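Chemist: fold the following for me, if possible:
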Amino acid sequence: MDKDKKPENEVTNEKKEDTTSKPSDDKQLSEIVTGMRIRKPVQRLEMNAAPVKTKEKIQIPKGKGKQLSEIKLINEAIGKMKPNDEVLKGLHKLLYKRAGDQKSIKSNIRQFSGFTFDEKDKEKEEEIVEDKLGKWTLSGLKELCQLLNLDIGGTKIVVIARIIDFLRNPTEAGTKTGK
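Modeler: Reported below is the predicted structural model:
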């Protein structure tokens, strides 16, 4: 190695010494430092939570039939079931097109008095209800028939037709004891 060449870190040290030894810089620094430091204002953390969505209360339309609470056997069957039962949840979603909370699921089902389809959309709405029930298992449909006090015999298509027929116009005559 050459003796004339200095290692790199020595060269950088000389450069640092040159930049700090300027007299004009000292004046500027002393002028700035003489006063009190400017304090930054405190920035408080603000909670910007998303606006809480309040669920709209379910509008229970007045149908053509009796309220399910007026049909004694159905009212008793609903009363025996727990609000978190899958059949009640599914029935509520079928009737009102949305899930209900556990506090009001039974009362909402009891207040149901029949589908209120518009004449122009009636076929389309019934087809949607039929498709939703078609996704249920046969055992689930039979449990629903027991809840609504309907006959449970027949194929899946027959059971679905029986449920839809009853839900259009719920009456005691539509149940198996009302015949």
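
Chemist: now do the contacts for the residue most central in space within the chain.
Modeler: Among the residues of the chain, Ala99 comes closest to the average C-alpha position under C-alpha atoms, centre = their mean, at 8.7 Å. Going by C-beta atoms under 8 Å, 6 or more residues apart in numbering, Ala99 touches 89, 92-93. Every residue, glycine included, has its C-beta placed from N, CA and C.

Chemist: cool, and Glu143?
Modeler: Glu143 touches Val87, counting by C-beta under 8 Å, 6+ apart.

Chemist: if you count neighbours, what's buried in stretch 131-150?
Modeler: In terms of neighbour count (16 or more other C-beta atoms under 10 Å), stretch 131-150 has its buried residues at 133, 136, 141-145, 147-150.

Chemist: just give me the closest of these to Ile78.
Modeler: Proximity of the buried residues of stretch 131-150 to Ile78 (C-beta to C-beta) peaks at Leu147, which lies at 7.0 Å.

Chemist: so where do the helices sit in this protein?
Modeler: Using DSSP state H, the helices found in the chain span residues 8-20, 23-33, 72-80, 86-96, 105-110, 122-134, 138-147, 156-168.

Chemist: highest neighbour count among the contacts of Ala99?
Modeler: With neighbours taken as other C-beta atoms under 10 Å, the top of these is His92, carrying 22 neighbours.

Chemist: pretty sure that residue contacts Ile109?
Modeler: Yes. With contact defined as C-beta atoms under 8 Å, His92 counts as touching Ile109 (5.8 Å).

Chemist: identify the contacts common to the two.
Modeler: With C-beta under 8 Å, 6+ apart as the test, His92 and Ile109 reach no residue in common.

Chemist: neighbours around Glu127, how many?
Modeler: By the criterion of other C-beta under 10 Å, Glu127 has 10 neighbours.

Chemist: for Ala161, that is, sorry about that
Modeler: Residues contacting Ala161 under the criterion other C-beta under 10 Å number 14.

Chemist: quick one: pLDDT of it?
Modeler: According to the predicted model, the pLDDT of Ala161 comes to 91.

Chemist: show me the shaky parts of this protein.
Modeler: Residue ranges of the chain with pLDDT under 70: 1-35, 55, 174, 178-179.

Chemist: residue contacts, Asn108?
Modeler: If a contact means C-beta under 8 Å, 6+ apart, then Asn108 has 58, 60, 92, 95-96, 100 as its contacts.

Chemist: now those residues in TSV, with distance to Phe117?
Modeler: Formatted as TSV, the contacts of Asn108 follow (distance: C-beta to C-beta, whole Å):
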residue	distance to Phe117
Ile58	17
Ile60	15
His92	18
Leu95	12
Tyr96	14
Gly100	21
